[in-house]
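K.L.:
The amino acid sequence is not available; the structure is as follows:
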């Protein structure tokens, strides 16, 4: 190989190494993509008691404590409702969040006996569930709670910590 060809080869190798180093530096300096660099949210659900319906676990013990949540994360929990009256009743559930911070962001599904009682935003659950749990005298039913932040959410959840009390709203049935 002539000296001229060796110089060209050396320059080409040097340029390729330089470009690789620049590309590696750019990749290393780029901020993290996705939602990894922000503070997570957290949700804590408890079940409120009243005279007609008992809940287990009862507040202040949580039925769901999400831990750190970012878009795409889900948390699951559950509790048991028990009719403490002598008559048949239907119990709907209504959310009483400690804050409006995650109202339009957090999604919640309540399900019992294979039936979805409610699915939507935390804000919608403030109005109460569309479906009700039917309870015979002394009867009980398990309610599963799933909460999540949708993957398409980009902002508005950061650092939000919301406690949600689920309270029963009874309807006496014949």
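P.N.:
Received the coordinates, thanks. Here the structure is a predicted model, which is why all the values come from computation and not from measurement. Numbering: from 1, shown residues only.

K.L.:
what's across from the residue most central in space within the chain in the sheet?
P.N.:
Closest to where the C-alpha atoms of the chain average out (CA atoms, centre = their mean) is residue 148, at 2.2 Å. Beta-bridge partners for residue 148, by DSSP bridges, are residue 74, residue 107.

K.L.:
From what I see, it and residue 102 are in contact.
P.N.:
No - Residue 148 lies out of contact with residue 102 (CB atoms under 8 Å); the separation is 11.0 Å. Using the backbone N, CA and C atoms, a C-beta is placed for each residue, glycine as well.

K.L.:
Tell me the backbone dihedrals of residue 129, please.
P.N.:
Phi and psi for residue 129, reported as degrees, to the nearest 10, are phi -80, psi 150.

K.L.:
what are the ranges of the strands in this protein?
P.N.:
Along the chain, the segments classed as strands by DSSP state E run 42-47, 53-56, 64-65, 74-83, 89-97, 107-112, 115-121, 133-135, 140-148, 161-172.

K.L.:
Packing partners of the third one?
P.N.:
Secondary-structure packing of strand 64-65 (3 or more CB pairs under 8 Å, 6 or more residues apart in numbering; DSSP states H and E): strand 42-47, strand 74-83.

K.L.:
give me the beta-bridge partners of residue 163?
P.N.:
With DSSP bridges as the rule, residue 163 is bridged to residue 44.

K.L.:
gap between it and residue 12?
P.N.:
Look at residue 163 and residue 12: by CB to CB, to the nearest Å, they are 64 Å apart.

K.L.:
So the two - more neighbours on which side?
P.N.:
In this view residue 163 and residue 12 are compared by other CB atoms under 10 Å, and residue 163 has more residues nearby, 17 against 10.

K.L.:
my read: that one touches residue 96, true?
P.N.:
No - counting by CB under 8 Å, residue 163 does not reach residue 96; the two are 9.2 Å apart.

K.L.:
per-domain residue ranges of the chain.
P.N.:
Listed by automatic domain parsing, the domain ranges of the chain are 1-30, 42-172.

K.L.:
possible to save those domains as CSV with mean pLDDT?
P.N.:
Formatted as CSV, the domains of the chain follow (pLDDT from 0 to 100):
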stretch, mean pLDDT
domain 1-30, 70
domain 42-172, 94
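
K.L.:
Deepest-packed of those, please.
P.N.:
domain 42-172 (a mean of 17; mean count of other CB atoms under 10 Å).

K.L.:
Quote the end-to-end distance of that one.
P.N.:
When the termini of domain 42-172 are compared using CA to CA, to the nearest Å, they are 35 Å apart.
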